[in-house]
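Asks: predicted coordinates and the sequence they were generated for:
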Amino acid sequence: MFKKILIANRGEIALRVLRACRELGIKTVAVHSDIDESAMHVRMADESICLGPANAQSSYLNIPAIITTATMTNADAIHPGYGFLSENKRFAEIIEEHNIKFIGPKSKHIEIMGNKIVAKKLMSENGIPTVPGLNDIENEDALNTFIEKLNFPIIIKAASGGGGKGMRVVNKRSELNNQIKAAKVEAKKAFNDDTVYIEKFLTSPKHIEIQILADIHGNVITLGERDCSIQRKHQKLIEESPSILEKSKRDKICELCTKALKIIGYEGAGTIEFLYEGNNFYFMEMNTRLQVEHPITEMVTGVDLVKEQILIANGEALKMNQNDIELKGHSIECRINAEHPESFIPSPGMISQYHQPGGLGVRVDSAVYQGYDIPSHYDSMIGKLITFAETRNECISKMKRALEEYVIMGINTNIQLHQNIIQSEEFISGKYDINYMSKFN
Ligand code: MV4
């Protein structure tokens with residue numbers, strides 16, 4: 001087993017990885033920016049090294065500094081967390097070139113899934129349903145044929161985009177060519193790749209994603225799904241597991257995911273994102289990292305996803321098979337952000353008073369504490385409040401109670417927004433879709 005893992009991240013996810021390491025008897029190295037010197041992940045790690053100045057480019061995205069630190073401290077593996085370098089193919093390659101294990105999938109799969117056209121094509125070829133679309137939009141005849149068949153609205157997406165960046169919805173033919181041109185300019189600027197493609201636009205789908213684990217021996221298991229439809233500007237706010245899917249639908253899509261990932265030889269943890277509309281699944285993209293919302297899957301399956309990532313990276317075979325994975329109870333996660341409740345503008349600053357909720361079925365994944373000064377350099381998510389109960393209704397009641405208990409003073413947070421959402425009729429019915437948050441704008 002690894003003796004020492006370097007955690008190339010900060011905040012709650014750095015703590016999450018640290019905790020898994022502790023339980024596995026693995027030493028930890030924290031890396032940090034100068035402004036994060038008194039951050040909790042630095043305090044909790046066995047060793048810590050400062051990478052550079054506060055801006056992420058100089059610290060958490062500074063590949064040479066991270067590799068040097070890993071070498072200096074004799075770390076034998078690196079966990080990237082989420083965000084930052086977690087889906088950077090070059091980072092994964094360079095780590096392996098230094099004979100250090102990257103705790104994540106093969107760089108080949110990071111690369112494939114990083115290009116949405118390539119990902120969609122590969123998944124489609126291997127039995128995953130996709131949205132009707134057209135990749136070669138330069139061909140005017142093909143474009144016209146596609147539009148005749150599928151009509152408007154359509155959506156233009158950037159091949160190197162994802163997470164909603166560089167998307168455009170088009171409602172009529174007269175706007176299409178100009179919108180494609182504009183999308184290409186935007187994509188070139190944002191991703192240095194002007195490749196765009198089009199798809200039929202689904203107007204009111206749910207965002208449902210399947211969690212998977214795959215070991216290097218060809219074993220693949222699915223761990224149910226998460227409904228992540230409550231989002232604002234492509235930032236998820238609330239996630240829940242399981243979704244309203246009936247068991248037969250879940251089993252079917254999970255089986256397709258397992259098959260496809262076996263064929264492509266995927267390794268590690270991953271998430272396959274779908275749009276779900278009219279009882280049909282449509283592949284959107286695959287995330288080749290641990291996700292923010294992974295705890296709700298852990299609550300309903302009892303599987304420690306980070307420990308599994310580490311064991312898989314160490315070459316071990318999964319100890320459970322699909323029959324061992326039983327979804328039990330219900331879990332909801334509220335992302336607690338330091339932001340203004342109406343404008344959604346980030347609200348960094350000092351937390352003058354802090355008291356977090358507890359009790360049966362309440363989990364708080366956070367790295368903040370009373371007296372902590374939230375820096376303005378990173379994202380505004382300061383913690384995740386997760387509840388778990390036997391039924392969905394009990395899980396919602398527990399969330400309401402836990403949000404009431406949560407005291408965070410000195411900054412603005414979205415705690416009240418969460419109260420409003422989870423007590424809304426639409427949320428309680430479970431029938432919300434990706435347009436839910438538009439009423440709050
Ligand atoms: C779509 C779509 C409707 N139809 N594709 C948003 C994130 C990016 N991965 C793709 N996204 C969408 N793709 C088709 N063909 C609607 C969205 C979308 C969305 C998806 C999930 C959750 C929230 C969303 C908000 C706006 C748009």
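Replies: Alright, I've got the coordinates.
Asks: helix, strand or coil for the residue of the chain most remote from its centre?
Replies: Ranked by distance from the centre of the chain (C-alpha atoms, centre = their mean), the top residue is Asp141, with 37.7 Å. Three-state assignment for Asp141 (DSSP: H, G, I helix; E, B strand; the rest coil): helix.
Asks: and the protein, which residues reach the ligand?
Replies: Applying C-beta under 6 Å from any ligand atom, we find that the chain lies next to the ligand at 131, 155, 162-164, 199-202, 207, 231, 234, 275, 284-285, 434. The way it works is simple: take the backbone N, C-alpha and C, and place the C-beta from them, glycine included.
Asks: just the ones of those in helices?
Replies: Here DSSP state H is the test, and the residues of the chain next to the ligand give no hits in helices at all.
Asks: in strands, which of those residues fall?
Replies: Among the residues of the chain next to the ligand, the ones falling in strands (DSSP state E) are Ile155, Glu199, Lys200, His207, Gln231, Leu275, Met284, Glu285.
Asks: tell me the two of those residues that are most distant?
Replies: Lys200 and Gln231 (20.5 Å; C-beta to C-beta).
Asks: now the helices for the stretch 151-300 of the chain?
Replies: 173-191, 247-264, 294-301 (DSSP state H, counting those that start in this stretch).
Asks: closest one to Ser376 among those?
Replies: helix 173-191 (22.4 Å).
Asks: in the closest one, what's buried?
Replies: The neighbour-count check on helix 173-191 (16 or more other C-beta atoms under 10 Å) flags Leu176, Gln179, Ile180, Ala183, Lys184, Glu186, Ala187, Lys188, Phe191 as buried.
Asks: what lies in contact with it?
Replies: The contact list for helix 173-191 (C-beta atoms under 8 Å, 6 or more residues apart in numbering) reads 137, 143, 147, 152, 154, 156, 158-161, 165-166, 168, 170, 193-196, 198.
Asks: of those, buried ones?
Replies: Of those, these count as buried by 16+ other C-beta under 10 Å: 137, 143, 147, 154, 156, 158-161, 166, 168, 170, 194-196, 198.
Asks: farthest-separated two in those?
Replies: Across the buried ones among the contacts of helix 173-191, the two lying at the largest distance from each other (C-beta to C-beta) are Ile147 and Ser160, at 24.2 Å.
Asks: quick revisit: can you put the helices of the stretch 151-300 of the chain in CSV and add mean pLDDT?
Replies: Compiled in CSV, those are given as follows (pLDDT from 0 to 100):
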stretch, mean pLDDT
helix 173-191, 94
helix 247-264, 98
helix 294-301, 99
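Asks: and those: which comes nearest Ser438?
Replies: Among the helices of the stretch 151-300 of the chain, the nearest to Ser438 by C-beta to C-beta is helix 173-191 (20.7 Å).
Asks: gap between the closest residue to the ligand within the stretch 1-150 of the chain and Ile155?
Replies: Closest to the ligand within the stretch 1-150 of the chain is Val131: 4.2 Å, counting by C-beta to the nearest ligand atom. Distance of Val131 to Ile155, computed by C-beta to C-beta, to the nearest Å: 9 Å.
Asks: many thanks, have a good one.
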